[in-house]
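Participant: requesting a structural model of the entry that follows:
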Amino acid sequence: MNKKISILIVDDDADLGDSLSDILEAKGCRSKFVTSGKEALSIIKEEQFDAIFLDIKMPEMNGVETLNCIKKSSPLTSVVMITAYAEDKLVEEAMIEGALKILKKPLDLNKIMSFIEKLQRLKTLLIGDDNKEFCDTLRQYIDKHSYNVSTAHSVTDGIEKYDKYQTEFLLIDMKLNGNNGLEIVNAIREAGSKSSVILMSGYADEYKSLIDDAIKNDVDHFIAKPFQISNVIEMIGDVTRKRLQEVLK
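Facilitator: Below is the predicted model:
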């Protein structure tokens, strides 16, 4: 579990871009810097990024236009807009078009570092399911989105894996090798964990009351089997967005 998160910086201010890139590299990220929206769109065709810091006002192609294209080609990428202008029509448009947050220049580096640290944690995930083939298939798909993924096939294994990796996401089957997967959730909650949890099951009717109670309390989502893996990725993306917005308040 050692994948680096990747960040793209897009700003026509070369000094800011170079400085921010150096800071992110020192924080353990893989970063790239380009000075235009067109360059950004070209590079994301070849590489996948976990987050993009995107200037709003740039010549030729502004940040909102660039954001629109990014969302079409890479909808799960977190895009943070940066600007020197507090009041501007483009700022409003950026939020409407799906920017995670608008950060004002000069940038608050403490906030940037908190964002990066949270994003790094949100890229760790534990799959708990007693079907090893299912785990492998799901893991391969999620791996493509640059997550650090571990798997567990029993409650005991799941708790041990969580203790070892402290994953920020848990994707847990309700029926886990003869036991209830919620035992993993209960154990980590008792230990003080606030990790995000998505429950899954092929027995939604059987576990309905437990699922309803879990959703009311501390579980983020439930998905019934069989499901499209892309739907799970969307759920993870939804939770990620909320968690990152909390950091950037």
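
Participant: for the nearest residue to Ala94 once chain neighbours are set aside, give me the pLDDT.
Facilitator: Counting by CB to CB, 6 or more residues apart in numbering, Met81 is the residue found nearest to Ala94 once chain neighbours are left out, at 4.6 Å. The way it works is simple: take the backbone N, C-alpha and C, and place the C-beta from them, glycine included. The per-residue pLDDT reported for Met81 equals 95.

Participant: tell me how far Met81 lies from Gly202.
Facilitator: 41 Å (CB to CB, to the nearest Å).

Participant: helices or strands up against the worst-scoring helix or strand of the chain on mean pLDDT?
Facilitator: Least confident helix or strand of the chain, by mean pLDDT, DSSP states H and E, is helix 89-96 with a mean of 84. Contact partners of helix 89-96 among helices and strands, from 3 or more CB pairs under 8 Å, 6 or more residues apart in numbering; DSSP states H and E: helix 63-73, strand 78-83, strand 101-104.

Participant: buried sites along the longest one?
Facilitator: Meaning helix 63-73. Residues of helix 63-73 classed as buried: Gly63, Val64, Glu65, Thr66, Leu67, Ile70 (neighbour count, 16 or more other CB atoms under 10 Å).

Participant: tell me what angle that helix forms with strand 78-83.
Facilitator: Relative orientation of helix 63-73 versus strand 78-83 (axes from the mean of the first three to the mean of the last three CA atoms, to 10 degrees): 170 degrees.

Participant: so which of the helices and strands packed on helix 89-96 gets nearest Thr137?
Facilitator: helix 63-73 (24.9 Å; CB to CB).

Participant: distance between the closest one and the chain's centre?
Facilitator: Relative to the mean C-alpha coordinate of its chain, helix 63-73 is positioned 18 Å out (CA atoms, centre = their mean, to the nearest Å).

Participant: now it: average pLDDT?
Facilitator: 92.

Participant: quick one: contacts of that helix?
Facilitator: Residues from elsewhere that reach helix 63-73 (CB atoms under 8 Å, 6 or more residues apart in numbering): 10, 37, 40-41, 44-45, 52, 54-58, 77, 79, 81, 83, 90, 93-94, 97-99.

Participant: again with stretch 201-217
Facilitator: Under the contact criterion CB under 8 Å, 6+ apart, stretch 201-217 has outside partners 173-175, 180, 182, 185, 197, 199, 219, 221-222, 224-226.

Participant: greatest separation within the residues you listed: which pair is it?
Facilitator: Taking CB to CB, no two of those sit farther apart than Val185 and Pro226, at 22.2 Å.
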